[in-house]
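*Asks:* I would like to see how this sequence folds:
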Amino acid sequence: MSKPARPVHAPMDQFPVVDDCLVVGGIPLPELARRVGRTPFYAYDHRLISERVELLRTHLPRQVHIHYAMKANPKLDVVAHVVQLVDGLDVASAGELETALAAGARPDSISFAGPGKTDADLEAALAAGIVVNLESEGEMERLAAVAARRRSRARVNVRVNPDFELKSSGMKMGGGPKPFGVDAERVPAMLHRIGELALDFQGFHIFSGAQNLRADAIAEAQGKSVELALRLARHAPGPVRILNIGGGLGIPYFPGDERLDVSLVARNLAAILDDLDSRLPGAQVVLELGRFIVGEAGIYVCRVIDRKISRGHCFLVTDGGLHHHLAASGNFGQVIRKNYPVVVGNRVRGAQREIVSVVGPLCTPLDLLADSMEMAHAEVGDLIVVFQSGAYGLSASPTAFLSHPLPAEILV
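*Replies:* Predicted coordinates:
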């Protein structure tokens, strides 16, 4: 009996390969590395970001507004490019708000989510005139007090922790006890209090999960989010102007992952929203996406500095590692470690193949970028590329660990 085939990574065909070298932004990788001047570095392709937003525009219902969740990649150049393509931004700190405004985002298109907002955060949000997604009753009271001191009226959404979750989600953000949002059953009383405090109620933010590759699971969560919003709207102190139903659209990272069918997600969403205009007149439906917009447009590049054999196994030791790319090391949310798609960027296909592990320069066994993975034969000086690195890469990594220098970041 033949053994079942081992799962493989989805094709990483978003970047061309010419003369066995990856081409990023029209530039062969060795030349790009020369222009950057050093390794490691992140490179983000603006064309791929634009194409991803165009894909969404092509398929999604016209009434859906696309917001970019800046936490996925807050680099100013990236945000400034995305701002030109989407309808709004969602920030998760005062620092991200500062970047959003510097990138040219309109304040009336920005919302601010995240538990644990300080009074200084709330002051910054109020001064900018953006929408604050309230995460708790306490945050509501503090914002009202800040607004009263400033003699301003704060614009608010209620972030709802729903009584359901996004099934098969890589990261569950709703359902059960959660630090995010207000439990759905507590929201009616909170809406009443918002009316008493004279806060400017805008609507709801219902985010049930992220990184999902199943269109049916996304559709189920979106349908439940809309129905939950309709139930809660009966208690609202004013009309629902904004209905943010979160994101959840995932990208393939690991062997066996299959790409999400965006057209199917869009058809399901169109059916869900079919009669929403009559049930929530004037409500702006927002789809909040981060990694789906930028994740596949980025790569992380490091250089082989040693080729080491230990008891018959080959380790490619590089100048990059988990301190720059925690997610690829398997230490950012993975329960069982799986390999990101990794190649030798200047020998992508390579006639000579071998099983190797790619490790970084840190003194910890956690510093592992590829574990026993088939790749082209690599020598010292070759360039290792980690695909799917446009989201939650550098900004989600412990860059101070062992005091190595920061990598470069470029938009090409």
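*Asks:* the biggest strand by length in the chain packs against which elements?
*Replies:* Determined from DSSP state E, the single longest strand within the chain is strand 298-310. Judged by 3 or more Cβ pairs under 8 Å, 6 or more residues apart in numbering; DSSP states H and E, the packing partners of strand 298-310 are helix 29-36, strand 41-44, strand 313-318, strand 383-386. Quick note: C-beta positions are derived from backbone N, CA and C, even for glycine.
*Asks:* in the stretch 51-200 of the chain, where is pLDDT below threshold?
*Replies:* Counting by pLDDT under 70, the stretch 51-200 of the chain has low-confidence residues at 165-179.
*Asks:* buried ones in stretch 83-92?
*Replies:* Using 16 or more other Cβ atoms under 10 Å as the test for burial, stretch 83-92 gives 83, 85, 86, 88, 89, 90, 91, 92.
*Asks:* farthest pair within those?
*Replies:* 85 and 92 (20.1 Å; Cβ to Cβ).
*Asks:* show me where the stretch 1-150 of the chain has its strands.
*Replies:* Ranges of strands in the stretch 1-150 of the chain, per DSSP state E, counting those that start in this stretch, are 17-18, 21-24, 27-28, 41-44, 64-69, 88-91, 110-112, 131-134.
*Asks:* want to throw these into TSV with distance to residue 123?
*Replies:* Converted to TSV, those look like this (distance: least, Cβ to Cβ, whole Å):
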stretch	distance to residue 123
strand 17-18	50
strand 21-24	41
strand 27-28	44
strand 41-44	32
strand 64-69	23
strand 88-91	15
strand 110-112	12
strand 131-134	11
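*Asks:* between those, which one is nearest to residue 53?
*Replies:* With Cβ to Cβ, the closest approach to residue 53 among the strands of the stretch 1-150 of the chain belongs to strand 64-69: 6.8 Å.
*Asks:* roughly how far out does that closest one sit from the chain middle?
*Replies:* Averaging C-alpha positions (Cα atoms, centre = their mean, to the nearest Å) puts strand 64-69 12 Å from its chain's average.
*Asks:* show me the contacts for residue 375.
*Replies:* By Cβ atoms under 8 Å, 6 or more residues apart in numbering, residue 375 lies in contact with 342, 343, 344, 350, 353, 354, 356, 358.
*Asks:* residue 386 contacts residue 295, doesn't it?
*Replies:* No: counting by Cβ atoms under 8 Å, residue 386 does not reach residue 295; the two are 11.9 Å apart.
*Asks:* from the contacts of residue 375, keep the buried residues only.
*Replies:* Buried members of those, scored by 16+ other Cβ under 10 Å, are 342, 343, 344, 350, 356, 358.
*Asks:* separation between the residue nearest to residue 102 when sequence neighbours are not counted and residue 401?
*Replies:* Nearest non-adjacent residue to residue 102, counting by Cβ to Cβ, 6 or more residues apart in numbering: residue 76, 6.3 Å away. For residue 76, the distance to residue 401 equals 24 Å [Cβ to Cβ, to the nearest Å].
*Asks:* can you check residue 101 too?
*Replies:* From residue 101 across to residue 401, the span is 31 Å (Cβ to Cβ).
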